[in-house]
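K.L.:
Sequence first, predicted coordinates after that:
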Amino acid sequence: MTTRFRFVPPAGTPVSLSDVASSIGTALVRRDTVEGFTADLCERVGVRHCEFVSTGRAALTLALLALKELDGGKRNEVVIPSYTCFSVPSSVVKAGLRVRLVDIDPATLDFVPSSLNQIDGKRVLAVVATNLYGMPNDMAAIAQITKDRGVYLIDDAAQCLGGSIGGRPSGTWGDVGLYSFDKGKNVTSIDGGVLLTDSTQVAGAIKRQVQDLRRSTVGESVSHLVKLLVYAAFLHPRRYWLPNSLPFLGLGMTAYRTDYPLAQYDRWMAPLGRRLFARLDVVAAQRRAAAERYQSVLPWGSKLRAVDSRLGAVPAYLRYPVLVDADYRQKVLMALQRHGIGATTSYPGAINDIPELQNLLQIEDRIAPGGQDLARRILTLPTHGYVTDKDQSRIAVVMADALAG
């Protein structure tokens, strides 16, 4: 069987052309679009201070620069998970700080508690918890460890908007938190990120970092609008096969880079972000329903394991992560893609495998078996609104056949 002309994208959020038209119209007649989005977000998650910027990775860089300023430059290490998005270490390096890895447990995608307990508060400025694929970390435990050591906590919920743990929204557990509105996120405005905090002191430092950032150029705004139109037109599975068949577009590729700009949020994108943000409950419920169906239909066994959700967590399920026996993962991946399913192996490797970081890591950072094991076994399945029950049933059958080989 082939579904060449129907291909389910690995991630994204459905955006209609009417969404695009309405958002552009709002931007044409209103100048306070960013302010309105800011007010909505602060009210929704219950924080006092929000600052929008150009991208999620810019938000993390600026958060680190703000904390570095407050610390007076005494500490220069930032703890991150041994497996996460490559934009996390790139943000640390761009902020002029050193990456310090703490290993993770592949079963939870979270820090190994005993390893996190060993961090040195005299050298570590901050710990970044990344809530990978919308699976909330054990934020109460992490917050206690950082508090005991006098270390800042960044609740990086770039992938976890709409998730929560312990009844508290992801992104609000740290001294500073952040969300991303990149094209693959639960709420998208093609690009964009936001910093949030309840601390007046931290908010002041963030404000000093962002106040002189340049605005989006006309060319950048036009580029965003073109990308938005293409995104709305081609994300649907009946059309996604076309961009997916063009390798030069590099869809889904993750590269380590530090040459991204630190800039203000493009006000032309704010109306779309705000419009989709108003649907967050509906989007989150749909993704959780997709996750529940995966839990019931996938061929679980020794070759296919689920990722454990932390106690008290309500995941956002940006994607649905599973652990596949390393000897079978590529076979499963290729089978799913042949059947028109945008499954992915996520990032190219563990953080300590990134070539550009080799001369920047300490010796102990190179020993991270959990992150490297996860890099060999992780597979993510789509959860967005274009995934149908029929798609999920086909995914289960295809995976069962591939694992039975």
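P.N.:
The structure has been received and is ready for your questions. It should be emphasised that the depicted structure is a prediction, and the values quoted were computed from it without experimental measurement. Numbers count the residues shown, from 1 in each chain.
K.L.:
how close does residue 166 sit to residue 284?
P.N.:
17 Å (C-beta to C-beta, to the nearest Å). (Glycine included, C-beta is placed from N, CA and C.)
K.L.:
Sorry, slip of the keys, the one I care about is residue 5.
P.N.:
30 Å.
K.L.:
higher neighbour count, the two?
P.N.:
With neighbours defined as other C-beta atoms under 10 Å, residue 5 and residue 284 compare such that residue 284 has more, 21 against 11.
K.L.:
Now the more buried one. Nearest residue, chain neighbours left out?
P.N.:
residue 162 (3.8 Å; C-beta to C-beta, 6 or more residues apart in numbering).
K.L.:
ditto for residue 269
P.N.:
residue 189 (3.8 Å).
K.L.:
give me every residue that touches that neighbour.
P.N.:
181, 266, 269-270, 272-273, 276 (C-beta atoms under 8 Å, 6 or more residues apart in numbering).
K.L.:
go with 6 Å
P.N.:
For residue 189, the contacting residues are 181, 269, 272-273, by C-beta atoms under 6 Å, 6 or more residues apart in numbering.
K.L.:
just the helices in the stretch 1-150 of the chain please.
P.N.:
In the stretch 1-150 of the chain, the helices defined using DSSP state H, counting those that start in this stretch lie at 17-29, 33-45, 56-71, 87-94, 113-116, 139-149.
K.L.:
Would you mind saying which of those lies nearest residue 254?
P.N.:
Closest approach to residue 254 among the helices of the stretch 1-150 of the chain is made by helix 87-94 (8.2 Å; C-beta to C-beta).
K.L.:
In CSV, list the C-alpha atoms belonging to the closest one.
P.N.:
C-alpha atoms of helix 87-94 as CSV (Å, rounded to 0.1, in the frame of the first residue of the first chain):
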residue,chain,number,x,y,z
SER,A,87,18.8,25.3,20.3
VAL,A,88,19.2,24.9,24.0
PRO,A,89,23.0,24.5,24.0
SER,A,90,23.3,27.1,21.2
SER,A,91,21.5,29.6,23.4
VAL,A,92,23.9,29.0,26.2
VAL,A,93,26.9,29.5,24.0
LYS,A,94,25.4,32.6,22.4
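K.L.:
Which strands and helices lie in contact with it?
P.N.:
helix 56-71 (3 or more C-beta pairs under 6 Å, 6 or more residues apart in numbering; DSSP states H and E).
K.L.:
quick revisit: helix, strand, or coil at the residue nearest to residue 269?
P.N.:
coil (DSSP: H, G, I helix; E, B strand; the rest coil).
K.L.:
bridging residues for residue 52?
P.N.:
residue 194 (DSSP bridges).
K.L.:
give me the number of residues near it?
P.N.:
Residues within reach of residue 52, counting by other C-beta under 10 Å, total 25.
K.L.:
Thanks a lot, see you next time.
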